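> sequence and computational prediction follow.
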Amino acid sequence: MSEVTQLVESLHPHEVKVVRAFETSKDDDSCTEEDLAKRSGLEIAQVGSALGRLQIKGLVGISARVPRTEVSLTETGLRYFQHYTPMVRIISALKKASDTGAQLTIRDIQTREKLDSSEVSEAIGELKQEGVIRITAGGIVEPTGRSSSTAELLQKLIRFLHEGTKPLLDFTPPEQAVIKKFSQKRGKPNEPFRVDERESRRFGLTENGRVIARQLLKEGTRNEITLLTPEMLKDGSWRNKRFRKYTISLQPARIAAGKKHPYREFLDLVKAKLVSMGFEEMRGGLIENEFWNMDALFMPQFHPARETHDVYFVKEPRHSAQIPEPFLSQVAAAHEHGGRTGSSGWGYTFDRMRTRRLVLRSQGTAVSARTLASAPRVPGKYFSIARCFRYDQVDATHAPDFFQIEGIVLGPDINFRTLLGLLTLFAREVAQAQEIRFAPAYFPFTEPSVEVHVRHPRLGWIELGGAGLFRPEVRLPLGVEVPVIAWGLGLDRMAMVALEIHDIRDLFSADLEMIRSKRVQY
Amino acid sequence: MPTISANRKDLAKLLGRHVTDKELEAWLPLVKSEIKEVDTATGEIRFELQDSNRPDLWSVEGIARQIRIKLNGRPDSYPYLQNAKSRRDQILVEQGLERVRPFIGGCKARGYKVTGEGLTQLVQTQEKLADIFGRKRRMVSIGLYRLPSIKFPLSYLLADPDRTRFRPLGYTEPMSLREILEIHPKGQEYGTILSGHDQLPLLRDAKGDVLSFPPIINSRDIGEVRVGDADLFIEVTGTDICTVMLAVNIMAANLQDRGASIEPMDVVYPYKTAYGRTVRMPQVFTRPRAIKLGDISKALGEELSLKDVRASLASYGYAVTGNGSQLLVSLPSYRNDLMHPVDVIEDVAISRGYNTFGPIMPATFTVGGLFRIEQLSDKVRELMLGFGFQEIVSNILGSRIDLTHRMRLPDGHPEARCVEIENVMSQSYECLRQWILPSLLRVETASSRSFYPHFLFELGEIVVPDQQAETGTRTEVRLSALLAHATANFSETHSFLELLCSYLAWAYSLTPIDHPSFLDGRVGRVELAGRPAGLIGELHPEVLERWQITMPCSAFELVIDLPGKTQA
C-alpha cells in the first residue's frame, strides 16, 4: 500500500469532507473555518477539530492570520445581565426611595442593594459626572431627574452581548466608547466587558494536501465502513467491506459513571481497617438526651462545655422519655457524691429533669456510653463513625456537622500500657506512621487521658487522636466492672490531605465537578 | 480551655534558671499545655492549658511552679499554711449574706514590689479565675487592694442599693450601687448575678471606707493596685466555700512565688460553714487520701515500687506518707481536683513521663463486624454505584427554606415537619433534614456546569419527629436518587427503583398520590410489604425554579431501615 493510500484510509470522514471542501473552492489556499463549514455541511467545531488533525498530518497549513477585535461578557457582565448594573440599581433604588419620601446615603444604597463598596463608588461617580444625581450635605444621594444615557446604553449592550461574542467593529462609535470604558483592564478586573484581540485564520492545503485531495477526487465516493453491524455479521457481508482506520490517539469523550464519594471512600477504608482489627460497630441516634451525651460521661451539669454556646438544643420536643434505671440513680449518685465508685463526686444536686433535655449529639462518646449500659461483650472492641454537631461558627476549619470516629475496648487486662499499645496500633494501621509520641491530655470522662501524635509523611507531627481509660465514675454506674479504653481518632485532617482539599466544608461539597474529579484512594 | 500569655524572662525568673526552647517543649506535658504562639521580639509566649480542673496552672506562676517542683524533685514550702494558732486580722460576715453571696476569703501579701509584668500577670490570673473557673464571676470573683489604705477588721455586709455610694474604678464621681448596676460597664456585664436581691453585698473597712461591691467592681480609692505598690490585700467572694478557698490559695501561692510574704486572715461567719464559723484562709482544706500501691501498678500496667511512686508524686507537688502497700497522699494547697484514686494515678504517669511506659499490643482476640443496617447500606450503595450513580455526602443540618419552601411543602404538610434547633447560630443550619432529596437538589443547583447526565444518590441519615420514640425523634437511614438530564423522567427512574428492589428481593408497589414537590400524575408512594417506605416522581417545575435548576429532574427516596421490613 502506498503512503498516499495509507494516509487516505486513515482520514476521518470529517477530515475527508474538509479536504474536499478545499478542492471545490476557487481560491483553495485561503479559506476560513466558516467557509469550510458552509461547504462541507459540518459544524464549526467539527471543522475546527478536523483542521487541527489535518495540520498535524501535514495536509493543511495556515495561509494567513487576520487580526480581529472581539467583545464578550465577563462574569461581572453575566451578573449584571441577571441583576442589572449598579448604575441601574442605584437609579431604581433612588426612585423607589423618593416615591416613599425616604432619603438614602451611599452606605444605605450599598447595604440595601448588597453591592461592593468599589462598585457603588464607581457607579455613583459616573452618575454624578453625568448629572443624574447629586450628593447633598450629610451624604444624602438625590436624583436630579435627568436620565442616564450611559446606564441605558450599558444595559442594552450587556443584553446584546449576552447572545454571544461579537466583533468590536459591529458596534457604532459611541457604543465602542462605552464598551472600552467598561471593559476589563489591568487594575480594573471587575468590569462587565472583555475586549480580546483575536486573529481569524485562513487555511490552505499543503503540497501533500493537494496530493491527497487529488487522490480523493480520483476515488470518488468510497464504499468505506465506520461501524460493524449485526446484519453484516449475520449475512457475512463484512467480508466485502473496507473498515476505516481510526486515529486512536485522540482524546475520548467523557462519560458519566458511578463512583463513591471521595470522603465516604476514605471512611470506608477506616471502617474496613477497624473491622479487620476486630472492632464491632455500634450505632446511635442523631438526637440524644443530656444523660447519654454528657451526664453518663461524668461531665458535671455545670460544666462550661454544656452551655448553649457549645451544644445545639432541640426546640421541640424538649425532653426525652424517663431515663432507665438503675442507670439514672447510679449516674446521679456518682455526680452527687460518688456513689459506690470510690469517688467523692462533683458535690452538687443532680438535676433529673435537665438530664432528659434533648440535644443534637455532640460527641460520638454518647454512643459508647449507651453501649456500656447494654451489657457489652467482655473482652470486647467497639467503634462507631457517628455524625456529630457542635455550636461553632462555620468556617474553613469548622463544619456544621462532622463525623467522629471513636470507640471503646473492654477487658480485664486493660491498663495504661495496653492503651498506649492500642494507640500504637492505630498509628501504624490507620495513619501508616512509624514515629509516635504520647502526651497527657484532658477529657472529663477519662483518667489517665492521653493524646497521640504521629509523624505524617507530608504534614509533620499531627494529633491523631485522644484516648484514655474511662473513669470509674463513668463505667461503674453503667454496670461495667472491667477497665475500659475510650478512644477517638481525628482523621478529617488526614482526609483533607488525601483528598487535596483545604476547606473542611468541602468534605461535604455540593460541587459535582469537584466530586467527580477526585481520584480514588487505595 | 484557657489561653494565657506569659513573658519568657518572667518565666525564667520564676524558674530561677535560663530556659531553652527544647527544655520548654519537654516540660509542657507536665502542665498539659501547648504553645500556641511565640513572639520572639517581645518574648511573649501564649500557652493553651487543657485541664479545666487545674486552675492553678492558668498562670505563669503556676506553670513555673509545676516545672520547678519537677526540677527540684520536691514541693516548695508555704510557711503561711502552718502556725494555725496565732490570732489574725478578721473579716466579719453579716447575717443575710448566706442568701446572696455567702462566702468570702482573703489574705495579705507584703514585701513584693509590684513590677509591670507582675501586675499584668496578677490581673490575668484574677480574670481567668473569675471568668472561666468562676463562671463569669458567678461562683468566684477576686479583688486586689492597696493594703496600707485599709484598716482592719473588715465587714462583709448587705447594703442599701441607693444609700450606699463610693467611687468605682474607672469613674471620678461617687455612685450608688444601683447607679453602678445601671451605668457602669461592669455593672451592666455582671449585674444579673445579683438580680432579685434588694440588699447588695459590700466590703467595708473599720474606718467605713468601701473596698468593693462584690462581684461587680472595686473602689477606685483602695482597689486600684499600681506598679511599685509593695503591700497588697486579696479578697475572694463566691457561692461555694471550697471554690473560694481554692482561689485564695492559688493567689497566695502565686504571690509567694513572686517574693511576697503571705499573712492569712480569719473569716468570722454568723452562720455554719463546712469548715466551721471561723475559717482561716489560706489553709490546706483538702483531706489526705489513701491509695493502694497495687492499684497504681495495676492501672499503669507496670510493677512500681513504693520508692518510685513516692518520688513521682513528690516531684509533682504531692505530700506522701505511709509505707508498705498503702499510701496516704495530700494535694498541695492550690489544687482541689482529687475525686478518685485514678486522678493520682494519672499524676504518677505524667510525673514519670508518658513516653517512659512501653506500649503493650492488644492480644485479646475479638471478632469484628458491622451492624445489619450498615451491611445493608453498603450493599445498596454498591448497587447504586453499579447502576452508574455518583455518590454524594451532605450535611445533615439545613435551612427550612431548602427543606420545605423550595420543595413546595406548605407549613402544615406532614412531610414538612422537621426537628429544629433552639439556639440557632445560622439560618443555613437551623434544622435537621427530614429527607435527603433537598441535599441532592443542592448539588444539582451548584453543578449545572458539570457535564450531563447527572445520576446522583446519597445514602444517609435523616431525623423525623416521633412521639413513640425514646428521644421523641427517630433517626432513619434513607436512600435518595436523583436523575437530571434533558429527558429525565418517571419511567427511567422507575427502572432503577425496580432493579434495586428486585436485587434486594423487596416486594414493592407504587400508589399514585398528590405531593407538592412533584408533577401531578407523575408521583407515587413506594410501599414495601404494604407499608409506606418512600416516594418516586418527576420534580415539579416550580421546585426546580426555586432551586434555580434548568434541567428536568426525576427522583426517588426510600427508607432503608424500615422496622419489620420483609423480603419478598
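On my side now, so go ahead. Everything numeric in this text was worked out from a predicted model, so none of it was measured.

> domains of the chain?
This is for chain A. If you go by automatic domain parsing, the domain ranges for chain A are A:3-59+A:206-243, A:73-194, A:265-517.

> hmm, no, I was thinking of chain B.
B:3-72, B:79-281, B:289-351, B:372-559.

> student question: in chain A, what's the helix or strand with minimum average pLDDT?
The helix or strand of chain A with the poorest confidence is strand A:224-225; it has a mean of 66 (mean pLDDT, DSSP states H and E).

> continuing past that strand, what's the next helix or strand?
Following strand A:224-225 in sequence order, the next helix or strand is helix A:230-235 (DSSP states H and E).

> starting at the chain centroid, how far to that next one?
Relative to the centre of its chain, helix A:230-235 is centred 48 Å away, using CA atoms, centre = their mean, to the nearest Å.

> hmm, who's touching it?
Residues outside helix A:230-235 that contact it (CB atoms under 8 Å, 6 or more residues apart in numbering or on different chains) are A:237-238, A:241. Using the backbone N, CA and C atoms, a C-beta is placed for each residue, glycine as well.

> can you redo those residues as CSV with pLDDT?
Formatted as CSV, the contacts of helix A:230-235 follow (pLDDT from 0 to 100):
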residue, pLDDT
A:Ser237, 87
A:Trp238, 87
A:Lys241, 80
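
> still on that earlier bit, can you add mean pLDDT and give the domains of chain B back as TSV?
As requested, the domains of chain B are exported to TSV (pLDDT from 0 to 100):
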stretch	mean pLDDT
domain B:3-72	93
domain B:79-281	94
domain B:289-351	94
domain B:372-559	95
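
> JSON lines for these, including mean neighbour count?
Formatted as JSON lines, the domains of chain B follow (neighbours: other CB atoms under 10 Å in any protein chain shown):
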{"stretch": "domain B:3-72", "mean neighbour count": "18"}
{"stretch": "domain B:79-281", "mean neighbour count": "19"}
{"stretch": "domain B:289-351", "mean neighbour count": "19"}
{"stretch": "domain B:372-559", "mean neighbour count": "18"}
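
> of the ones you listed, which is nearest A:Ser147?
In terms of CB to CB, the element of these nearest to A:Ser147 is domain B:372-559, at 32.0 Å.

> ok, B:Ala299 to A:Glu447 distance?
9 Å (CB to CB, to the nearest Å).

> mutual contacts of those two, please.
The contact sets of B:Ala299 and A:Glu447 overlap at A:469, B:342, B:345 (CB under 8 Å, 6+ apart).

> which SSE is the last one in?
Of the helices and strands defined by DSSP H and E, B:Ile345 is found in helix B:341-352.

> other SSEs contacting that helix?
In terms of contacts (3 or more CB pairs under 8 Å, 6 or more residues apart in numbering or on different chains; DSSP states H and E), helix B:341-352 is packed against strand A:436-440, strand A:446-456, strand B:289-292, helix B:293-300, helix B:306-314.

> any chance of CSV for those, columns distance to A:Arg214?
CSV is the format used below for those (distance: least, CB to CB, whole Å):
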stretch, distance to A:Arg214
strand A:436-440, 76
strand A:446-456, 66
strand B:289-292, 104
helix B:293-300, 93
helix B:306-314, 98
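
> looking at these, spot the one closest to B:Thr511.
Here strand A:446-456 is closest among these (CB to CB), at 52.3 Å.

> check contacts around the spatially closest residue to A:Phe350 that is not a sequence neighbour.
Using CB to CB, 6 or more residues apart in numbering or on different chains and skipping residues adjacent in sequence, the residue nearest A:Phe350 is A:Ala332, 4.0 Å away. For A:Ala332, the contacting residues are A:295, A:350, A:352, A:355, by CB under 8 Å, 6+ apart.

> the same query, at a cut-off of 10 Å, please.
A:291, A:295, A:323, A:339, A:345, A:349-352, A:355, A:477 (CB atoms under 10 Å, 6 or more residues apart in numbering or on different chains).

> let me have the residues you listed in CSV, extended by neighbour count, distance to A:Pro457 and secondary structure.
Formatted as CSV, the contacts of A:Ala332 follow (neighbours: other CB atoms under 10 Å in any protein chain shown; distance: CB to CB, whole Å; DSSP: H, G, I helix; E, B strand; the rest coil):
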residue, neighbour count, distance to A:Pro457, secondary structure
A:Phe291, 24, 42, helix
A:Asp295, 28, 41, helix
A:Ile323, 20, 47, coil
A:Gly339, 19, 48, coil
A:Gly345, 20, 46, coil
A:Thr349, 10, 52, coil
A:Phe350, 20, 48, coil
A:Asp351, 15, 49, coil
A:Arg352, 14, 51, coil
A:Thr355, 23, 45, helix
A:Pro477, 26, 43, coil
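
> determine which two of the residues you listed are furthest apart.
Top of the distance list for the contacts of A:Ala332 (CB to CB): A:Ile323 and A:Gly345, 18.0 Å.

> stretch A:267-274 vs chain B: in contact?
Yes - interface with chain B: stretch A:267-274 contributes A:267-268, A:271-274 (CB under 10 Å from any CB of the partner chain).

> alpha carbons of stretch B:303-315, as PDB, please.
Extracted C-alpha coordinates of stretch B:303-315, given in PDB (Å, rounded to 0.1, in the frame of the first residue of the first chain):
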ATOM      1  CA  GLU B 303       5.200  -3.000  88.800                       C
ATOM      2  CA  LEU B 304       6.100   0.200  90.600                       C
ATOM      3  CA  SER B 305       8.000   0.300  94.000                       C
ATOM      4  CA  LEU B 306       6.900   2.500  96.800                       C
ATOM      5  CA  LYS B 307      10.000   4.500  96.300                       C
ATOM      6  CA  ASP B 308       9.200   5.100  92.600                       C
ATOM      7  CA  VAL B 309       5.700   6.300  93.400                       C
ATOM      8  CA  ARG B 310       6.800   8.500  96.300                       C
ATOM      9  CA  ALA B 311       9.400  10.100  94.100                       C
ATOM     10  CA  SER B 312       7.000  10.600  91.200                       C
ATOM     11  CA  LEU B 313       4.300  12.200  93.400                       C
ATOM     12  CA  ALA B 314       6.800  14.300  95.400                       C
ATOM     13  CA  SER B 315       8.200  15.700  92.200                       C
END
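
> B:Asn355 belongs to a strand?
No - counting by DSSP: H, G, I helix; E, B strand; the rest coil, B:Asn355 is located in no strand; its state is helix.

> surely it and A:Thr424 touch.
No - checked against CB atoms under 10 Å, the pair B:Asn355 and A:Thr424 is beyond contact range at 11.6 Å.

> returning to what we had before: compare the helices and strands packed on helix B:341-352 and give me the one nearest A:Val482.
Using CB to CB, the nearest of the helices and strands packed on helix B:341-352 to A:Val482 is helix B:293-300, at 11.8 Å.
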